[in-house]
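Novice: Build me a model:
(one chain, ligands or ions: 2)
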Amino acid sequence: MVAVQWYPGHMDKARRDMQESLKAVDLVIEVRDARIPDASRNPMLDQMIQSKARLIILSKTDLADPKITDQWLKALEHDSQKAIAVDLASDTSAKSKILSLSAEMTQAKYDKMVARGILHPRAMRAMACGIPNVGKSTLINRIAGKSTAKTEDRPGVTRSLNWIHASRTLDVLDTPGVLWPKFEDQDTGIKLAALGSINEDIVDQIEIAIHTIELLQNLYPGLLEQIYEGDGCNAHDMLNAIAVKRGLLKAGGEADRKRAAITFLHELRRGQLGRLSLEKPNS
Ligand SMILES: Nc1nc2c(ncn2[C@@H]2O[C@H](COP(=O)(O)OP(=O)(O)OP(=O)(O)O)[C@@H](O)[C@H]2O)c(=O)[nH]1
Ligand SMILES: [Mg+2]
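Specialist: Numbers count the residues shown, from 1 in each chain. Ligands and ions are numbered 1, 2, ... in the order given. Just a heads-up that it's a prediction; the model follows:
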């Protein structure tokens with residue numbers, strides 16, 4: 001069993017602070033990783049958000065399999081919930097897409113204020129939330145057009161809630177990434193660790209790499225064999241093939257499996273193995 005059960009105190013505090021702030025919020029912007037839209041969905045959010053309008057942003061779409069992302073978008077749209085996939089890091093049109101959908105989803109609120117005689121209604125308020133390292137702060141910076149919120153490629157960068165006047169019409173609350181106390185299955189923890197939403201120091205990188213290799217061998221048969229030149233091998237042999245291909249050998253010539261695991265996971269996360277998704281809808 002992969003040891004990724006973990007729920008640090010700062011996440012529980014963030015969850016309580018978010019619950020409190022929700023009262024003042026017109027729209028919830030839930031950021032999920034386009035490569036794992038189901039594993040990166042925090043089940044605690046459903047309880048917290050209840051009937052509030054929800055815009056789901058599938059981030060890192062530049063790294064995900066485009067065909068599978070289209071399937072996810074269709075599966076995620078319903079009633080008071082809309083979904084779009086964006087590359088928050090470099091797509092300059094992401095800002096206008098997010099602002100126009102946010103305006104559309106808060107239009108009724110805005111109209112109510114006008115009907116009450118308010119001549120200049122306040123900016124609408126959105127809460128950006130989601131698991132660690134999915135791009136919540138990057139999204140806010142993208143809308144604001146400047147680096148207001150701190151971002152970094154590791155989980156746990158944002159530590160407290162912070163309102164940012166992102167545009168003339170939208171204030172966005174940046175929140176710390178939050179996980180939930182117990183994953184429903186081992187696969188969820190593996191996918192979250194593989195794509196960098198769980199602190200690298202608390203999981204066994206070799207185990208995560210082995211399970212991720214198995215996942216990819218099922219979803220993309222032949223791909224890893226082609227990249228790393230392992231031939232028809234199981235996940236353990238594949239990790240050795242990765243070590244050999246990347247020149248990660250110990251003094252005696254033996255494969256350095258730990259460094260191979262870390263290298264493999266970093267290559268996957270950065271998109272160096274291609275645009276890959278780790279799960280499909282209803283699978
Ligand atoms: N390629 C790509 N990288 C992205 C995208 N969105 C965010 N990133 C990168 O993902 C990393 C994490 O982004 P953050 O905005 O810090 O993530 P966060 O959700 O605020 O993370 P925490 O505050 O730790 O919960 C950074 O290195 C970003 O540059 C995207 O759409 N595409
Ligand atoms: Mg952040």
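Novice: Where does the prediction get shaky in this structure?
Specialist: 1-6, 283 (pLDDT under 70).
Novice: rerun at 90
Specialist: The model of the chain has pLDDT under 90 over residues 1-12, 46-47, 49-51, 77-81, 180-185, 199-202, 230-233, 282-283.
Novice: For it, which helix extends over the most residues?
Specialist: helix 94-115 (DSSP state H).
Novice: helices or strands up against that one?
Specialist: Helices and strands touching helix 94-115, as assessed by 3 or more CB pairs under 8 Å, 6 or more residues apart in numbering; DSSP states H and E, comprise strand 27-33, strand 53-59, strand 81-85, strand 124-130, helix 136-144, strand 170-174. Glycine gets a C-beta too; all of them are placed from N, C-alpha and C.
Novice: For that helix, buried residues please.
Specialist: For helix 94-115, burial by neighbour count (16 or more other CB atoms under 10 Å) applies to Ala94, Lys95, Ile98, Leu99, Leu101, Ser102, Met105, Thr106, Tyr110.
Novice: so the third one makes contact with Ala85?
Specialist: Same thing as Ile98. No - using CB atoms under 8 Å, Ile98 is not in contact with Ala85; the gap is 11.5 Å.
Novice: list the residues that contact both of the two?
Specialist: Ile57 (CB atoms under 8 Å, 6 or more residues apart in numbering).
Novice: Any residues of the protein in contact with ligand 1? List them.
Specialist: Residues of the chain lying near ligand 1 by CB under 6 Å from any ligand atom: 59-60, 62-63, 87-89, 132-138, 151-153, 155-158, 176-177.
Novice: out of the residues you listed, who's near ligand 2?
Specialist: Lys136, Ser137, Val157, Thr158 (CB under 5 Å from the ion).
Novice: and the third one, that's in a helix?
Specialist: No - judged by DSSP: H, G, I helix; E, B strand; the rest coil, Val157 forms no part of a helix; its state is coil.
Novice: List the residues that contact it.
Specialist: Contacts of Val157 by CB under 8 Å, 6+ apart are Pro132, Asn133, Ser137, Lys150, Thr151.
Novice: quick one: it from Met124, how far?
Specialist: 26 Å (CB to CB, to the nearest Å).
Novice: The second one now?
Specialist: When CB to CB is applied, the distance between Ser137 and Met124 equals 19 Å.
Novice: And those two? Which one has more around it.
Specialist: Per other CB atoms under 10 Å, whichever of Ser137 and Met124 has more neighbours is Ser137, with 27 against 22.
Novice: The more buried one and Asp174 touch, don't they?
Specialist: Yes - using CB under 8 Å, Ser137 is in contact with Asp174, at 5.5 Å.
Novice: what sits in contact with each of those two?
Specialist: Ala128, Ala149, Thr158.
Novice: Tabulate the residues you listed (CSV), appending neighbour count.
Specialist: Listed next are the shared contacts of Ser137 and Asp174 as CSV, based on neighbours: other CB atoms under 10 Å:
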residue, neighbour count
Ala128, 27
Ala149, 20
Thr158, 22
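Novice: Looking at these, which one is closest to ligand 1?
Specialist: Using CB to the nearest ligand atom, Thr158 is the member of the shared contacts of Ser137 and Asp174 that lies nearest ligand 1, at 3.2 Å.
Novice: Spit out the contact partners of the closest one.
Specialist: Thr158 neighbours (CB under 8 Å, 6+ apart): Lys136, Ser137, Ala149, Lys150, Asp174, Thr175, Pro176, Gly177.
Novice: Show me just the buried residues among the residues you listed.
Specialist: For the contacts of Thr158, buried by 16+ other CB under 10 Å: Lys136, Ser137, Ala149, Asp174, Thr175, Pro176, Gly177.
Novice: Just want the residue of the stretch 1-150 of the chain that's nearest ligand 1.
Specialist: Gly135 (3.0 Å).
Novice: which residue sits closest to that residue, ignoring its sequence neighbours?
Specialist: Excluding the flanking residues, the one nearest Gly135 by CB to CB, 6 or more residues apart in numbering is Ser59, at 3.9 Å.
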